[in-house]
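In: Sequence plus predicted model, see below.
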Amino acid sequence: MPVVVDLRSDTVTRPTPAMRAAIAEAEVGDDAYGEDPTVKALEAEVAELLGHEAALFTPTGSMANQIAIQLLVDPGEELLVDSEAHVVTHEVGAAAVIGGISTRTWPSQGGQLDADLVAAQLRPDGYHAVATRAVGVEQTHNRSGGVVLPLDELRRLRDITSQAGVALHCDGARIWHAHIADGVPLIEYGRLFDTVSVCLSKGLGAPAGSLVIASADRIARARTLRKRMGGTMRQAGILAAAGQHALRHHLAGLADDHARARRLAEALSGFGVVDPARVRTNIVPLDLTKSAADAATLAAGAAEHWLLVSVLGPRFARLVTHHDVDDAGVEHAITVLAGVLGR
């Protein structure tokens, strides 16, 4: 049977033999009682990496985001985000349903951040309006093709929100990729935000697990929010060990994923579906507006040749490189997609 090349997401990876060994050997305890040593070690390690006092291990990235947002925004108050942000496009209305939080968006600009545009959208208390309590940004920006938000613009946004008394959250599911792409230390990113969420299963290759990073007081409250959402686990050190292994052994390898994504973008640019200059991390967005093939047709044609791609809209598809796809897999993808797009 031919090998399937799966470019739908960087969450489809399988644990490596070394990661499976780390899982098997993990020292565990009951995390509901705060007694899992591997979970506690991972939380301390990630908190230090991002320059905060504490962190909380969660099963999923969406849960980490929703806990972080609830730490900053009370029911009936407002979170302001990009219109293409994951928290408002791919978390099935959780902020409203679970947190009672009102969300408002600024127009997406291909994932680029304009601090002045955000500043103009901030709403103060009064006049029967919903006050803005927090601003959320996404690093890297998923739906815009893994765009890296520049450190200088993030600093400007931090200054603006601090002056306005508004908190700042970072959905840092792929902040690791920004760190590798721009060489910015993780602590430089982390210290800009009141809360950060990070994911261990996107790119890094862990089977599950994310973390919320914040002050010790906020993380103490976050434990209650996690329990309320059903996210408290028992011998979670099995998963935490996979995350530890991923951070220590897979982080540098993201550079290879970025290089393979650029190879894909350059090879497909002649079909007018992607601008290679915009591909700086591991996500290759395919704009099929001017293509004869729509996204569903592209995906179906690719699947016939053992290649899987994501359909994110009628004319929008996505390719994501990861450590389970090598150079040969990328070349196979180029051959298949060129054939479908060239029909």
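Out: All right, it came through fine.
In: Can you spell out which helices and strands pack onto the host helix or strand of residue 38?
Out: Per DSSP states H and E: residue 38 is located in helix 37-49. Secondary-structure packing of helix 37-49 (3 or more CB pairs under 8 Å, 6 or more residues apart in numbering; DSSP states H and E): strand 54-58, helix 186-190, strand 210-214, helix 237-249. Every residue, glycine included, has its C-beta placed from N, CA and C.
In: between these, which one is nearest to residue 12?
Out: Of all the helices and strands packed on helix 37-49, helix 237-249 sits nearest to residue 12, with 14.7 Å by CB to CB.
In: and the next element down the chain from that closest one?
Out: According to DSSP H and E, the helix or strand after helix 237-249 is helix 254-268.
In: now for that next one, which elements pack on it?
Out: Where contact means 3+ CB pairs under 8 Å, 6+ apart, helix 254-268 is packed against helix 175-182, strand 283-287, strand 316-320, helix 327-341.
In: in it, what's buried?
Out: 254, 256-258, 260-265, 267-268 (16 or more other CB atoms under 10 Å).
In: angle of it against helix 327-341?
Out: Going by axes from the mean of the first three to the mean of the last three CA atoms, to 10 degrees, helix 254-268 is angled at 30 degrees with respect to helix 327-341.
In: Identify each buried residue in stretch 180-191, please.
Out: The neighbour-count check on stretch 180-191 (16+ other CB under 10 Å) flags 180-182, 184, 186, 189-190 as buried.
In: wait, what's in contact with residue 204?
Out: 176, 243, 246-247, 250-251, 254 (CB atoms under 8 Å, 6 or more residues apart in numbering).
In: For residue 271, grab the count of nearby residues.
Out: Using other CB atoms under 10 Å, residue 271 has 18 other residues around it.
In: Hmm, residue 339 and it touching each other?
Out: No - the pair residue 271 and residue 339 fails to qualify as a contact (CB atoms under 8 Å) at a distance of 10.9 Å.
In: Spell out which residues make up each domain of the protein.
Out: Following automatic domain parsing, the chain resolves into domains at 17-249, 253-341.
In: hang on, the earlier thing: between the contacts of residue 204, which is nearest residue 160?
Out: residue 176 (26.1 Å).
In: Distance check, the closest one against residue 250.
Out: Applying CB to CB, to the nearest Å, the value for residue 176 to residue 250 is 9 Å.
In: Between those two, tell me which one has more neighbours.
Out: Using other CB under 10 Å, the more surrounded residue of residue 176 and residue 250 is residue 176, with 26 against 22.
In: Quick check, the more buried one in contact with residue 198.
Out: Yes - at 7.5 Å, residue 176 counts as touching residue 198 under the criterion of CB under 8 Å.
In: what pLDDT does residue 1 get?
Out: Note on residue 1: pLDDT of 63.
In: And for residue 301?
Out: Residue 301 carries a pLDDT value of 96.
In: give me every residue that touches it.
Out: Residues in contact with residue 301 (CB under 8 Å, 6+ apart) are 293, 336, 339-340, 343.
In: joint contacts of residue 176 and residue 250?
Out: 203-204.
In: still on that earlier bit, now the domains of the chain in CSV, with distance to residue 4?
Out: Below are these laid out as CSV (distance: least, CB to CB, whole Å):
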stretch, distance to residue 4
domain 17-249, 17
domain 253-341, 5
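In: nearest to residue 2, of those?
Out: Closest approach to residue 2 among the domains of the chain (CB to CB): domain 253-341, 4.6 Å.
In: Residue 179 and residue 191, how far apart?
Out: According to CB to CB, residue 179 and residue 191 sit 13 Å apart.
In: ok, now residue 77?
Out: Relative to residue 191, residue 77 is positioned 24 Å away (CB to CB).
In: now do residue 299
Out: As judged by CB to CB, residue 299 and residue 191 stand 41 Å apart.
In: what helix or strand is the residue in the chain sticking out farthest from the centre on?
Out: Farthest-out residue of the chain from its mean C-alpha position, per CA atoms, centre = their mean: residue 127, at 35.6 Å. Residue 127 belongs to no helix or strand when assigned by DSSP H and E.
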